[in-house]
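K.L.:
Build me a model from this:
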Amino acid sequence: MSKWKQRIKGNPFLYFPIKKYHWARLKASNVLFEIERMLRHAGIGKKKYNAIKAFKNKHLGERCFIVATGPSITKEDLEKIQDEYTFSMNSMCLLADKNEWRPTYYGVQDLEVFKKLKDVILRSKIETVFLAQYLKKQFDVPKEWVGYPQNSA
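P.N.:
Residues are numbered from 1 along each chain as shown. Below is the predicted model:
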């Protein structure tokens, strides 16, 4: 198996879209073109991903929690993870007025959700906010908020 095929086979985001091709039937130039196209589509080598790439492996080996909204979440639950690395999104920022807990990382990508919650997010003083790049361009937001491209961007 070739080196490129091994790399692609090990990455499900790249392998599944191109495995439909019969490698033996394609000329080498076509295979390389297809590999390059898929790598570009996946964002490899694109500057627009630099801001988000800075967070890769930042907390490698450390524990973290993904905190989602739900009827069972309590103030006590959040107090237990006060000093942990946490990720949340969307309406979790509404809890900021009710307790001291803040997520380490918070994300929004939906236009309607962002319009509704923008002021709450700004007031809550969350350490790191990830915002879909199209929202970051469209609204006046703090420059330290991290913009990230969506697949369709």
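K.L.:
can you list the weak-confidence ranges in this structure?
P.N.:
1-33, 36-46, 48, 151-153 (pLDDT under 70).
K.L.:
Break down it into its strands, ranges please.
P.N.:
Secondary structure of the chain (DSSP state E): strands located at 64-66, 85-89, 105-108, 128-132, 146-148.
K.L.:
strands paired with the third one, and their directions?
P.N.:
In its sheet, strand 105-108 lies beside strand 85-89 (parallel), strand 128-132 (parallel), with partners assigned from DSSP bridges.
K.L.:
could the ones you listed go into JSON lines alongside distance to residue 71 and mean neighbour count?
P.N.:
The C-beta positions use only the backbone N, C-alpha and C, and glycine is treated the same way. JSON lines is the format used below for the strands paired with strand 105-108 (distance: least, CB to CB, whole Å; neighbours: other CB atoms under 10 Å):
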{"stretch": "strand 85-89", "distance to residue 71": "16", "mean neighbour count": "19"}
{"stretch": "strand 128-132", "distance to residue 71": "25", "mean neighbour count": "20"}
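K.L.:
Next, format the ones you listed as TSV and append distance to residue 54.
P.N.:
Below are these laid out as TSV (distance: least, CB to CB, whole Å):
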stretch	distance to residue 54
strand 85-89	15
strand 128-132	10
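K.L.:
Kindly reformat the strands of the chain as JSON lines and extend each row with distance to residue 95.
P.N.:
Shown next, in JSON lines, are the strands of the chain (distance: least, CB to CB, whole Å):
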{"stretch": "strand 64-66", "distance to residue 95": "14"}
{"stretch": "strand 85-89", "distance to residue 95": "9"}
{"stretch": "strand 105-108", "distance to residue 95": "11"}
{"stretch": "strand 128-132", "distance to residue 95": "15"}
{"stretch": "strand 146-148", "distance to residue 95": "21"}
